Structure formats: C-alpha cells, structure tokens
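[1] need a structure here:
(chains A, B, C and D)
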Number of protein chains: 2
Amino acid sequence: MAEATGSNHTIRALTEIRKRILSGELAGGERLFEVPLAEMLNISRTPVREAMSRLAEEGLLERAKSTGFAVRAFGVEDVIDAIELRGVLEGTAARLAAERGADPELLAQMTEVVERLDACFRDDSVDFEIYSRGNEDFHRILTRLSGSKIIEWELDRVVHLPFASPSAFLPDKVNLQSRQSSLVFAQAQHREILAAIKAREGSRAEALAREHARTARRDLEEAMKKKGEAGQLPGLALVVT
Amino acid sequence: MAEATGSNHTIRALTEIRKRILSGELAGGERLFEVPLAEMLNISRTPVREAMSRLAEEGLLERAKSTGFAVRAFGVEDVIDAIELRGVLEGTAARLAAERGADPELLAQMTEVVERLDACFRDDSVDFEIYSRGNEDFHRILTRLSGSKIIEWELDRVVHLPFASPSAFLPDKVNLQSRQSSLVFAQAQHREILAAIKAREGSRAEALAREHARTARRDLEEAMKKKGEAGQLPGLALVVT
DNA sequence: GTCCAAGATCTTGTATGCATCAACTCGTTC
DNA sequence: GAACGAGTTGATGCATACAAGATCTTGGAC
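    As a prediction, this is how the structure comes out:
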C-alpha cells in the first residue's frame, strides 16, 4: 500500500507513481490506467489524472497516441544522449555567462563552492556526502549563471531525468577510494570552468563544461562494467535493457 | 464567443486558450482562473483544467507558486535566447548525425528538400510559400537526423515556442524582394550543413547549424527595426515589451 | 478461413456538488 | 498604532455519476 504522507492527494499520487516509475516497478512502455491507480492509492481518479499530467511535464510519462498515458521507455542509448545533452546545455550556459558577463553574486557563490570542493581533497579520504553536495551546488549555480530564463528552463528539465543529473553516477561510497582520480579530474574541471567564465573566455568555458559531462558518462560505463547489470544502479532502474 | 470546432471540449479549450495567449489577449504573467474560462467557453471546469495542464507542458503556461496557472511571460531577450538555444540544439543534432552516421533514408529526403529549395532561386522571384514549406521540412528532418530520441524531444519542445520556430521570422511576402539576399545566404547554409553531415564533419556541421540560427535572429532584428513595434509581428504578439 | 459488423466492456471525458485551503478583511487586544 | 486572529470570500481539490468513445469479442455471411 505504501501510503506516502503528503499535503494532498495529488502530491501523494505524484510521489507514489514517480517512485514506482523510477524503481522500474512500472515498466517503460506500460500503459497507465486511472482506475487501478486510483484504487491502489485509495483516492479518486481526479488527483490521479492531475498527477499523470505533471509526470508528463517531467518527462517520465508520455501521452499515448489516442488517449491516456504510458510510461516513457528509456534505453542505455537515451542515458548516453541525455548526458551528452546536459553537457551541451551546461556548455551553453557557461559560454553565455562568459560572453555576456555573469552576475557577481552568483560568481562569488560558485567560487565558494569550488573552494569547498577543493577542501575535500586536503586529507587522504574524500567525504562522499560533502563532495556530492558541493557538486550539486556547482551545477545548480551553473544553470543560473547565464542569466537566461530559457536556458535555465530547458536545463532544469533535462537534469530532472533521474539518469541525467550531475550526481547520478558519482562513484559511491564503495568505489570512492579506487575511483578517487576521477573526482580529482572532475574537480579540476570545475575550477577551470569557473576560471574561464571569469576570464570571459566563452569558447573555452563551453568546451570545458561539455567535456565535464563526459565524466558522468565514464562513471556510468565504469559502473556498468563493474556491476555487470544496469538494473543495480539507482538511477538506472527504469532503463529497459 | 468564438466557438472553435473540435472533437471534444478539452481540445476546444486548448485551442481557444492557446490562441488567446499567442495573440497577446491573455497577457504574460496573467493568472488564469478556471471558472471564468469555463464560462467563457460554455463548458465545465474539468476540460479547462485539462487544457491548462497541456498548455503547461507546451511551455505557454507555468504553474503558479501556490496553486493554479499563469501565462508565461516572455521578453525580447527570451526570444533571442530561444533562437540561440534552437541553434545549439540543431547544431548538436547535426554534429551527432555526422559523427554517428545518419539514416540514409532521411539523408535522401533532406537532399531532395535542399534541391527543392535550390529550385526556388532559379528564376527571379522566390515563391514564399514554397520556400517556407521547404525550410520547415529541412528543419524537421534535421531534428530527427541524429537518431536520438532525447535530442528530438527537447528540440521539438523548444521549437514549439511560437517565436523559436525556424520559420517564425522569415521575410514575408512584402519584404521578400528586398530581403532576398538573406534567403540566398540561408539556403547556402542549408546546402553546407547537409554536405558536412554527409562528409562526417561533425564540428563543421555543428558550427554551421548554430550560425544558421543567427539568420533568424537577424531577420527578427530587421523586422523589429522596420515595424518599429514588436507587437506587429505574428510570432511576437505575446512578448512583453 | 476471412472479413465485417453489432454488441459488450473497458477507459476516459464531462458536469457538478461539496470540501478544503489560502488570502483578505476587519475588529480586537496590547 | 501594530500585530494578531476569527470570520469571510473566492479559488482549487476531490469524489462521483453519467456520457461518450475506443477497443475487444463474437457471431454471421461469404
């Protein structure tokens, strides 16, 4: 039954259905019917419809040909492409920030984040939680740094896909030691992206940010090789193999 | 009253409300209430809600902070950025098509379209309708040419904004003669983009496609200078000045 | 055996009434 | 006079009954 607590029925339905999609319990391509979902959640069809509409906005559902909704099906190639797309969009955000000049307040925040990330490497062991949070902060600020609402809007949307998030395939606690060089490299890129933006080097900032996304792709491929099966990774449970 | 004919009430509401947003009748930032809209359309609140949900997916509405919907507000800078973004995404589509190899069937179709566009310039006067249709075909094929569902999805979404479409600011019938050189230039870019993709020159294909979007930006600036006021242009009626 | 059509069934579309929630008003208290 | 809170208004949230449409089934003609 898994009654999620939420302010209202729509939010509860949204949360529940999203959880089941992300876990793979609702498989890609599967058609979603209002009545069974409503019964499962002990609510009426109305909030279920509302929740499905919002999930379509998020990109987790798609409207079926005639009517109704289906779970969007993702393959590994879509994961690759989504990461590539994030790189392209973050690259554009970085370039525009450099070319047009970024908000000093945001630049200061990003500088602080980069210093915080640098501090992670001072002693021998990297704190996963701290690095992960700092990494998310960096990318959140980068999204807003161009000052373009439109870019921010699209980037938010892409990053909302569970496997396209900047922290989706970070080395986890288990692999942290063996994959520390990956983090060191990624952090060097953070530093240089910020420097390029500050120096108004648009082209360099774009190239760096784009390449930076490839780190996620490498981490993904590394993780898939290790685990053998894609289903093991949290962000990858919904991917059809 | 303007009763739009449509298969059902939701589609009618969707069409009507969209029309009023695009025309600027419903202004950017304006909050939309279910009851007045329903009364205006002589239907109940239910299909109005459904229509508003879909317009949010299209990007014409945004969910208000607490609850409800508001018309999304666009400024001229958003138009500029949306065109820039289309250039970036079409550039990515072109690059991936070149790098990964494009579907021969689609390449053949695009070749046919480019030849059709070339034929527009054989005699002295350019047929606006034919050029416009060919231009749309070119960009529609380009969207699909990378073979990436994710890229196609995002590009479709951006292009759906009325001012980001590849044909939004084409010189119209009135300006066609005086601005013919713009079309000649744009068509040269079409030809070279296709050639670069065929030659597997990814970087060149990307740069060309990105620059090609600047044609739209120039056309926009040209048109705004001419008309003096932004409100005159069809795709720009909803833009807040 | 195949195709089509009529009916049955499953699913969504729509209207409506009541519940709930948020914002505002206005009066009270300190 | 400012802050707070109860009542009021207005908007959406939600459930439900019924309508309409889509799809599947079945029976019959050829």
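[2] grab the nearest non-local neighbour of the spatially most central residue of chain A.
    Taking C-alpha atoms, centre = their mean, the centroid of chain A lies closest to residue A:165, which sits 1.4 Å from it. Distance criterion C-beta to C-beta, 6 or more residues apart in numbering or on different chains; nearest residue to residue A:165, sequence neighbours excluded, is residue A:159 at 5.5 Å. For glycine as for every other residue, the C-beta is placed from the backbone atoms N, C-alpha and C.
[3] contacts for the strand or helix carrying that neighbour?
    Secondary structure from DSSP states H and E places residue A:159 in helix A:149-160. Contacts to helix A:149-160, defined as C-beta atoms under 8 Å, 6 or more residues apart in numbering or on different chains, come from residues A:58-59, A:82, A:85-86, A:89-90, A:92-93, A:96, A:139, A:143-144, A:146, A:164-166, B:59, B:78, B:81-82, B:85, B:154, B:157-158.
[4] now the angle from it to helix B:149-160?
    Angle, helix A:149-160 to helix B:149-160, by axes from the mean of the first three to the mean of the last three C-alpha atoms, to 10 degrees: 150 degrees.
[5] any idea of the mean pLDDT for helix A:149-160?
    In this model, helix A:149-160 has a mean pLDDT of 95.
[6] centre of the chain to that helix, how far?
    11 Å (C-alpha atoms, centre = their mean, to the nearest Å).
[7] of all the residues in that helix, which ones are buried?
    Of the residues in helix A:149-160, A:149, A:150, A:151, A:152, A:153, A:154, A:155, A:157, A:158, A:159 count as buried by neighbour count, 16 or more other C-beta atoms under 10 Å in any protein chain shown.
[8] mind listing the residues bridging to residue A:63?
    residue A:69 (DSSP bridges).
[9] ok, and for stretch A:30-49, which residues are buried?
    In stretch A:30-49, counting by 16+ other C-beta under 10 Å, buried: A:32, A:37, A:38, A:41, A:43, A:47, A:48, A:49.
[10] cool, stretch A:233-241 as well?
    A:233, A:235, A:236, A:237, A:238, A:239.
[11] count of neighbours near residue A:103?
    Look at residue A:103: counted by other C-beta atoms under 10 Å in any protein chain shown, it has 14 neighbours.
[12] what distance do you get for it to residue A:150?
    Distance of residue A:103 to residue A:150, computed by C-beta to C-beta, to the nearest Å: 16 Å.
[13] circling back: can you put the buried residues of helix A:149-160 in a markdown table and add distance to residue B:7?
    Output for the buried residues of helix A:149-160, formatted as a markdown table (distance: C-beta to C-beta, whole Å):
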| residue | distance to residue B:7 |
| --- | --- |
| A:149 | 34 |
| A:150 | 33 |
| A:151 | 36 |
| A:152 | 36 |
| A:153 | 31 |
| A:154 | 31 |
| A:155 | 36 |
| A:157 | 29 |
| A:158 | 33 |
| A:159 | 36 |
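[14] now do the end-to-end distance for stretch A:55-66.
    End-to-end distance for stretch A:55-66: 18 Å, by C-alpha to C-alpha, to the nearest Å.
[15] wait, is residue A:212 part of a strand?
    No. Assessed with DSSP: H, G, I helix; E, B strand; the rest coil, residue A:212 is helix; it does not lie in a strand.
[16] mind telling me what element residue A:168 is part of?
    Counting by DSSP H and E, residue A:168 is part of no helix or strand.
[17] residues of the helix or strand that the helix holding residue A:159 is followed by that come out buried?
    Sequence-wise, the next helix or strand downstream of helix A:149-160 (DSSP H and E) is helix A:180-198. Residues of helix A:180-198 classed as buried: A:182, A:183, A:186, A:187, A:189, A:190, A:191, A:192, A:193, A:194, A:196, A:197 (neighbour count, 16+ other C-beta under 10 Å).
[18] list of residues touching helix A:180-198?
    Under C-beta under 8 Å, 6+ apart, the answer for helix A:180-198 is A:94, A:97-98, A:102, A:107, A:110-111, A:114, A:117-118, A:120-121, A:126, A:131, A:135, A:138, A:142, A:145, A:170-171, A:176, A:202, A:204-205, A:208-209, A:211-212, A:215, A:218-219, A:222.
[19] of these, buried ones?
    Buried among the contacts of helix A:180-198 (16+ other C-beta under 10 Å): A:94, A:97-98, A:102, A:107, A:110, A:114, A:117, A:120, A:126, A:131, A:135, A:138, A:142, A:145, A:170-171, A:176, A:202, A:204-205, A:208-209, A:212, A:215, A:219, A:222.
[20] from those residues, which land in strands?
    Among these, no member falls in strands (criterion: DSSP state E).
[21] helices - which of the residues you listed land there?
    The helices, defined by DSSP state H, take in A:94, A:97-98, A:107, A:110, A:114, A:117, A:131, A:135, A:138, A:142, A:145, A:202, A:204-205, A:208-209, A:212, A:215, A:219, A:222 from the buried ones among the contacts of helix A:180-198.
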